[in-house]
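Novice: Output the structure for:
(one chain, ligands or ions: 1)
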Amino acid sequence: MKPHEHMATFGTLDGELRVGGMPLSRLAARVGSTPFFAYDRDILDDRVARLRGALPPRVELSYAMKANPMPAVVQHLATRVDRIDVASAGEMQVALDSTIHADRVSFAGPGKSPAEIRQAVAAGIIVEVESTTEIERVIKAAEELGLTPRIAIRVNPDFAVKGSGMRMGGGPQQFGIDAELVPAVLRRYSTAGLDIIGFHIFAGSQNLNAAIIAEAQRSTVDLVSQLAEHLAAPVRYLNLGGGFGIPYTAKDQPLDLDAVAAGLHALVDGPITERMPEATPVIELGRYLVGECGVYVTRVLDRKVSRGKTYLVVDGGMHHQLATTGNFGQAIRRNYPVIVGNRTDTPADENATVVGCLCTPLDLLADDIELPLAGIDDLIVIFQQGAYGLTASPTAFLGHPAPAEVLV
Ligand SMILES: *Cc1c(COP(=O)(O)O)cnc(C)c1O
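Specialist: Numbering: from 1, shown residues only. Okay, here's the model as predicted:
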């Protein structure tokens, strides 16, 4: 998708991008400092509505909050999705401070400490166990607290998903219990006082290929229905993961959500209903829910020409934008969609390179892109910044102040 297509999603007014209905310069004045992140509620709501419209009604929607743990965003989604998935005690606290009920919170991720597990069991959160060590920790916490914990087994599947930006299942993994070991684990812990409600399989992130996602979901349902035979109780929880991607570069095409949804309808009407009638299927999304609602706004501090190449030096950078600079696990750095947010009516008439204010050549936000002529104090906007932005960046590097974050 091209920058102007992202611009159209937000809308413009009098030559400025609109975010949360406000022209950018007014928003910047209200925030009071640059750089900042702004998340647009209407775009977030549209995304939830689009998902609800497409997915089978029986499928519940979970928000994987590591994508954007800003408390206002989490609370906004807490009233709109069915569940929240957390990955640490810190995230658990944010989720528990929202209006979502604790029994609708799940806790996944390798390396859960005894204290984190105790906290989750005490709160009544679903612990998605990744190893037998974690199961033992759950049992110990439950005995001490006098509670029956609800757990789901995170399974490392025996298939891998192609086309993911990050693979998190198949082959050797730190995530989950290998599928072939699960029957023995279920036998071993069948009388341990645990309520094992089902399974969780999350095989990868940032996938834009609907056919591959649908195939992974089919394989997941197949695998879980085999594992279900080893579970004493019926499967009630069937977390199918997610991994729905969003387009970051001009070449990326948006995910065909209807194609993914068609596959899910077939699974729900077929094998899930036939083989796991009591199961609630869950799709767990981070990036796809919040990624497109966010922009990062940074101000031009300097404009310089070096041996024929024009640089715009901005007051933000890699310390808030690790992924945009290509340093968050990407194999190849590609330009994210970038515009001059206060010159949306001006045609692009020069090539410029946007760099951040850190003393490293890695701090490259956009390399040699077409922009309208921009100078000091113009506002550079980077799209697709609602997920894995601020909290996935090295904010302490170089000691600049933290950026503001607003939900508008
Ligand atoms: C990170 C993560 C997610 C969210 O991934 P996205 O690609 O942002 O949708 C979902 N589930 C688990 C277990 C995760 O670790």
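Novice: show me what contacts whichever residue of the stretch 201-350 of the chain sits closest to the ligand?
Specialist: For the stretch 201-350 of the chain and the ligand, the shortest gap (C-beta to the nearest ligand atom) falls at G286, measuring 2.7 Å. Using the backbone N, CA and C atoms, a C-beta is placed for each residue, glycine as well. Applying C-beta atoms under 8 Å, 6 or more residues apart in numbering to G286 gives the contacts Y63, A64, M65, K66, A67, N68, S205, G242, A387, Y388.
Novice: Point out the least confident one among the residues you listed.
Specialist: Within the contacts of G286, pLDDT reaches its minimum at S205, with 89.
Novice: That one: neighbouring residues, count only.
Specialist: S205 is flanked by 23 other residues according to other C-beta atoms under 10 Å.
Novice: how close does it get to N68?
Specialist: 14 Å (C-beta to C-beta, to the nearest Å).
Novice: Also L55?
Specialist: Distance, L55 to N68, by C-beta to C-beta: 21 Å.
Novice: who touches F328 in this structure?
Specialist: Under the criterion of C-beta under 8 Å, 6+ apart, the neighbours of F328 are L322, Y388, A392.
Novice: how about it, secondary structure?
Specialist: At F328 the chain is in coil, as set by DSSP: H, G, I helix; E, B strand; the rest coil.
Novice: Next one, pLDDT for the residue nearest to M22 when sequence neighbours are not counted please.
Specialist: Closest residue in space to M22, ignoring its immediate chain neighbours: V408 at 6.6 Å, by C-beta to C-beta, 6 or more residues apart in numbering. V408 is assigned 98 on the pLDDT scale.
Novice: give me every residue that touches V408.
Specialist: Neighbours of V408 in contact, by C-beta under 8 Å, 6+ apart: V19, G20, G21, M22, L27, A38, Y39, D40, R41.
Novice: For the chain, list the residue farthest from the centre, please.
Specialist: Each residue of the chain has a distance to the centre, and by C-alpha atoms, centre = their mean the biggest one is for R307: 40.2 Å.
Novice: quick one: pLDDT of it?
Specialist: Turning to R307, the model gives it a pLDDT of 98.
Novice: circling back to that earlier point, what about L55 and N68, which has more around it?
Specialist: Higher neighbour count among L55 and N68: N68, with 31 against 19, using other C-beta under 10 Å.
Novice: Wait, that one touches E405, no?
Specialist: No: applying C-beta atoms under 8 Å as the test, N68 and E405 come out as separate, 9.0 Å apart.
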